[in-house]
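Colleague: Below are the sequence and a predicted model; questions follow.
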Amino acid sequence: MPEGKIMKALSGFYYVQDGDQMIQCRGRGVFRKQKITPLVGDYVEYQAENDREGYVLDIGSRKNELTRPPIANVDQAVLVFSATEPDFSTSLLDRFLVLVESHQIDPLICITKMDLLTSDDTKRIEEYAKQYEEIGYTVLRSSAIWEDGMSTLLPYLQNKITVFAGQSGVGKSSILNAIRPDLKLKTDQISSSLGRGKHTTRHVELLAIGSGFVADTPGFSALEFIDLELEALPTCFPEMVHYGEQCKFRGCLHMNEPKCAVKGAVENKEIQSYRYHHYQQFYEEIKSRKPRY
């Protein structure tokens, strides 16, 4: 049975790439009965009626899936945050990092508009960047004009499926335009496409960038921790995973437990206090979440 990858989903059709061929496929009726939806990024088996049309017969196992945008098997999320206009927010960045980590997606932090900072502000943002690098994250810096940063970013996109996410108003569409000028995305197109109820109409497509693929819509427009369980929250903070191994109790949630190595590391300034503060906020948010039935 031929196999390929879904590159685009539009109006009930799935465009499956198999080598140099692009086959327009419909899903089998059984998917609807089983409430399974093929997603862009899925590896699938298909049956072609001719060299242009066919049916998706089977979907391979997924390493992850997102609902906004609806896409599977994402390797990497480029989290785009501006140094100013809007101001850099560690709280929002940590929220994005937890969402990305919880989906087993590698984050790449990108701080834009560095050229618009005063020297004092540059020091402050560089200090934050260094702190995130010490945790183990890759942090790229760029100016407001994205074409300048392309040579830095492009190597990270090779051989991966990447989504862009981050603060609104930071120029995610400008980045996509700089990567693929033929897109001609309007710079306000993305924020308006995240309006309530509108996201379903926009098709999702993977765009080839060298040997990698980039989703043409930003990810994580919903920032609530809908599916994240309390026990999994500490695993989304890499520095807590490191110190958590030294906690007295297995399964320590680093809140009120005695002899917690994570709280000790916060007191000793080995874990940034703002990171721990955000962890506490997210913990309370998940704990007070209404159960879904």
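Modeller: Good, I have the coordinates.

Colleague: so what's V214 up against?
Modeller: For V214, the set of contacting residues under the criterion of C-beta atoms under 8 Å, 6 or more residues apart in numbering consists of L157, I161, T162, V163, F164, L176, I179, R180, L206, L207. C-beta coordinates here come from the backbone N, C-alpha and C atoms, glycine included.

Colleague: How about A144, nearest residue that isn't a chain neighbour?
Modeller: In space, and not counting its chain neighbours, A144 is closest to K113: 4.6 Å by C-beta to C-beta, 6 or more residues apart in numbering.

Colleague: on that earlier part again, selecting buried members of the contacts of V214 in PyMOL, what would you type?
Modeller: One line in PyMOL is enough to select the buried ones among the contacts of V214; burial here means 16 or more other C-beta atoms under 10 Å:
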select buried, resi 157+161+162+163+164+176+179+206+207
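
Colleague: What's the local residue count around the closest residue to C236 other than its chain neighbours?
Modeller: Setting aside the residues directly before and after it, C236 is nearest to E101 in space (C-beta to C-beta, 6+ apart), at 3.9 Å. Neighbour count of E101, defined by other C-beta atoms under 10 Å: 20.

Colleague: Show the average pLDDT along the one helix or strand E101 maps to.
Modeller: Assigned by DSSP states H and E, E101 belongs to helix 90-102. Average pLDDT, helix 90-102: 96.

Colleague: partners of the residue at minimal distance from the centre of the chain in the sheet?
Modeller: Against the mean C-alpha coordinate of the chain, by C-alpha atoms, centre = their mean, the closest residue is A77 at 3.7 Å. Beta-bridge partners of A77, counted by DSSP bridges, are P107, V163.

Colleague: Tell me how far it lies from L93.
Modeller: For A77, the distance to L93 (C-beta to C-beta, to the nearest Å) stands at 12 Å.

Colleague: Likewise for Q17?
Modeller: Between Q17 and L93 the distance is 34 Å, computed by C-beta to C-beta.

Colleague: Can you tell me the closest non-neighbouring residue to D18?
Modeller: Leaving aside its sequence neighbours, D18 sits nearest to G4 (C-beta to C-beta, 6+ apart; 3.5 Å).

Colleague: ok, then the element right after the lowest-mean-pLDDT helix or strand in the chain?
Modeller: For the chain, the helix or strand with the lowest mean confidence is helix 189-193, at a mean of 41 (criterion: mean pLDDT, DSSP states H and E). Downstream of helix 189-193, the next assigned helix or strand under DSSP H and E is strand 204-209.

Colleague: For that next one, which strands pair with it and how are they oriented?
Modeller: On the basis of DSSP bridges, the sheet neighbours of strand 204-209 come out as strand 3-10 (antiparallel), strand 212-215 (antiparallel).

Colleague: Format the ones you listed as a markdown table; extra columns: distance to E126 and mean pLDDT.
Modeller: Converted to a markdown table, these look like this (distance: least, C-beta to C-beta, whole Å; pLDDT from 0 to 100):
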| stretch | distance to E126 | mean pLDDT |
| --- | --- | --- |
| strand 3-10 | 39 | 95 |
| strand 212-215 | 28 | 92 |
